[in-house]
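Just a sequence and a predicted model for now, questions to come.
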Amino acid sequence: MDAEEFRRRGREMVDYVANYLENIEQRPVYPDVEPGYLRSLIPTEAPLEPDNYDDIIKDVERVIMPGVTHWHSPYFFAYFPAANSYPALLADMLCGAIGCIGFSWASSPVCTELETVMLDWLGKMLNLPEHFIAGTHGHGGGVIQSTASEATLMSLLAARCKAVRRVQASNPEKSEAEILSKLVAYTSEQAHCSVERASLIGGVMMKKVPTDNNYAVGGGMFKKMLEEDKADGLIPFYFCATLGTTASCAFDHITELGPICNKENMWMHIDAAYAGSAFICPEFRPLLNGVEFADSFNFNPHKWLLINFDCSAMWVKKRQDLIGAFKMEPLYLKHENQESGMITDYRHWGIPLGRRFRSLKMWFVFRIYGIQGLQAYIRKQVGLAKEFESLVRADKRFEICAEVIMGLVCFRLKGSNRLNELLLKRITKSREIHLVPCQLSGRFVLRFAICALTTDSRHVQEAWRHITQLTFEILQEPNH
């Protein structure tokens with residue numbers, strides 16, 4: 001494919017993508033395929049001779065689209081949003097074309113510098129404490145990780161390294177293995193499974209703190225656990241707080257938890273993967289009060305801020321705590337400007353050496369929408385969730401299972417778990433809307449998340465009509 005054909009095919013692809021997104025609600029949101037469906041549709045080996053491009057494009061509809069769960073359909077209400085927008089897609093196209101591997105400032109200066117500035121822009125949009133802003137002289141700063149899971153792992157590994165060094169400084173006779181066996185991390189019983197997974201990868205013990213009636217961790221229970229563990233000779237070193245849990249969008253009480261972590265010399269990481277985007281709105285910013293106590297903070301603009309995957313923003317209070325844990329300097333990665341103190345080498349801030357030019361899509365989206373446009377988008381989706389909540393509350397057959405704060409509504413049919421499981425099976429089988437469940441207080445609960453950029457009141461109303469119609473049919477059956 002030469003440049004001329006690329007121009008032609010590129011225009012065709014832009015048209016295809018625009019048509020796909022413009023007409024996405026006409027496609028069944030959930031695919032009707034069985035596991036292994038794809039193998040019978042394509043050859044068992046790669047072609048020896050080149051294929052025709054037109055045939056490849058035809059196969060997109062024949063092979064690919066039947067197996068797609070359409071996350072950007074306005075009838076997709078599962079999990080949490082996967083952000084998308086035309087400016088982000090255009091920026092990602094340019095990112096792919098530039099194709100730099102930004103492991104150091106020298107490998108592509110703008111890849112590093114724009115990332116630093118975009119994380120400062122975003123940090124200021126969230127009104128983060130000054131110590132998280134890199135500026136030109138700050139001790140902290142931001143970095144783009146692939147996912148919140150990666151940010152949590154990085155914070156835990158950095159905390160582990162810091163804890164080991166601290167203990168060895170006062171007890172030189174203690175081996176690293178001995179210290180590691182005593183370290184204990186903590187998180188909410190409602191935290192995302194990736195937090196526990198980070199402890200498995202990091203090789204440290206993790207304990208889950210019970211939550212209150214609102215599914216949030218408070219200071220009292222946490223303090224009690226710490227005292228018991230210290231009495232048993234353990235070394236508490238890390239706590240991962242959650243702002244906007246996956247199951248119910250609950251908010252841990254970080255104004256209580258932060259001072260405890262600071263007093264105990266524990267690293268506090270805040271995971272706000274979904275909810276963090278909403279903190280750009282002044283009315284939601286109080287939910288982030290207490291972030292000043294944190295050592296690191298993370299959320300995913302690729303969930304709810306119109307920036308497509310992957311783009312997970314992480315800030316650290318002291319960059320040296322992160323860099324000091326992972327710094328390696330082979331000769332082939334050194335460059336003459338690295339000792340200037342003016343630049344960042346992001347290879348020290350994450351797991352992979354290489355990194356894409358992901359800040360480009362932040363720059364495009366922030367400029368095209370502006371802060372006010374992004375705020376309006378968040379507020380609209382919260383309003384749609386409130387609209388769905390009011391529909392549920394008006395039907396005495398249903399109940400709301402957790403406070404509706406942002407774009408997630410947890411609800412269920414009054415009755416057995418089996419009844420609600422049956423309702424979800426019927427919803428999934430119909431493929432008109434897509435939901436996923438969670439478990440709260442031992443109850444099987446349906447989650448209704450406002451996800452797509454194009455979701456409107458009409459789609460919420462249609463979804464509720466569909467749910468109530470299936471409910472009516474189920475309740476008419478002899479067994480119910």
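Happy to help now that I have it. Numbering: from 1, shown residues only.

ok, which stretches of the stretch 51-200 of the chain are strands?
141-145, 183-188 (DSSP state E, counting those that start in this stretch).

Just put these in JSON lines and tack on distance to residue 464, mean pLDDT and mean neighbour count.
To be clear about C-beta, it is placed using only N, CA and C from the backbone, and glycine gets the same treatment. Listed next are these as JSON lines, based on distance: least, Cβ to Cβ, whole Å; pLDDT from 0 to 100; neighbours: other Cβ atoms under 10 Å:
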{"stretch": "strand 141-145", "distance to residue 464": "37", "mean pLDDT": "90", "mean neighbour count": "26"}
{"stretch": "strand 183-188", "distance to residue 464": "31", "mean pLDDT": "93", "mean neighbour count": "24"}
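
Show the contacting residues for the nearest residue to residue 82 once chain neighbours are set aside.
Nearest non-adjacent residue to residue 82, counting by Cβ to Cβ, 6 or more residues apart in numbering: residue 71, 4.6 Å away. By Cβ atoms under 8 Å, 6 or more residues apart in numbering, the contact list for residue 71 reads 82, 451-452.

again, but for residue 234
Going by Cβ under 8 Å, 6+ apart, the list of residues near residue 234 reads 182-184, 205.

and if we set it to 10 Å?
Shown in contact with residue 234 (Cβ atoms under 10 Å, 6 or more residues apart in numbering): 181-184, 205, 207, 226, 228.

From the residues you listed, list the buried ones, please.
Burial by neighbour count, 16 or more other Cβ atoms under 10 Å: within the contacts of residue 234 this picks out 182-184, 205, 207, 226.

Just the pLDDT at residue 159, thanks.
If you check residue 159, the pLDDT there is 92.

pull the helix or strand with minimum mean pLDDT from the protein.
Sorting the helices and strands of the chain by mean pLDDT, DSSP states H and E puts helix 319-326 at the bottom, at a mean of 78.

so it versus strand 141-145, what angle?
Interaxial angle of helix 319-326 relative to strand 141-145 (axes from the mean of the first three to the mean of the last three Cα atoms, to 10 degrees): 50 degrees.

So which other helices or strands are in contact with helix 319-326?
Applying 3 or more Cβ pairs under 10 Å, 6 or more residues apart in numbering; DSSP states H and E, one finds that helix 319-326 makes contact with strand 141-145, helix 148-170, strand 312-316.

Ok, which of the ones you listed comes nearest residue 24?
strand 312-316 (24.9 Å; Cβ to Cβ).

same question for the closest one, mean pLDDT?
Here the average pLDDT along strand 312-316 is 95.

mind checking how far the residue nearest to residue 82 is from residue 149?
Note on residue 71: its distance to residue 149, by Cβ to Cβ, to the nearest Å, is 18 Å.

export the helices and strands packed on helix 319-326 to JSON lines and tack on distance to residue 367?
Shown next, in JSON lines, are the helices and strands packed on helix 319-326 (distance: least, Cβ to Cβ, whole Å):
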{"stretch": "strand 141-145", "distance to residue 367": "17"}
{"stretch": "helix 148-170", "distance to residue 367": "25"}
{"stretch": "strand 312-316", "distance to residue 367": "17"}
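
Quick check: which of these is nearest to residue 115?
strand 141-145 (5.8 Å).

Just want the angle from the top helix by length along the chain to strand 141-145.
Ranked by residue count and defined by DSSP state H, the top helix of the chain is helix 359-393. Comparing the axes of helix 359-393 and strand 141-145 via the same axes, to 10 degrees yields an angle of 80 degrees.

tell me which residues of helix 359-393 are tucked away?
Here helix 359-393 shows 359-366, 368-369, 374-375, 377-378, 381-382, 384-386, 388-389, 391-392 as buried, counting by 16+ other Cβ under 10 Å.

Please consider this matter closed, and thank you.
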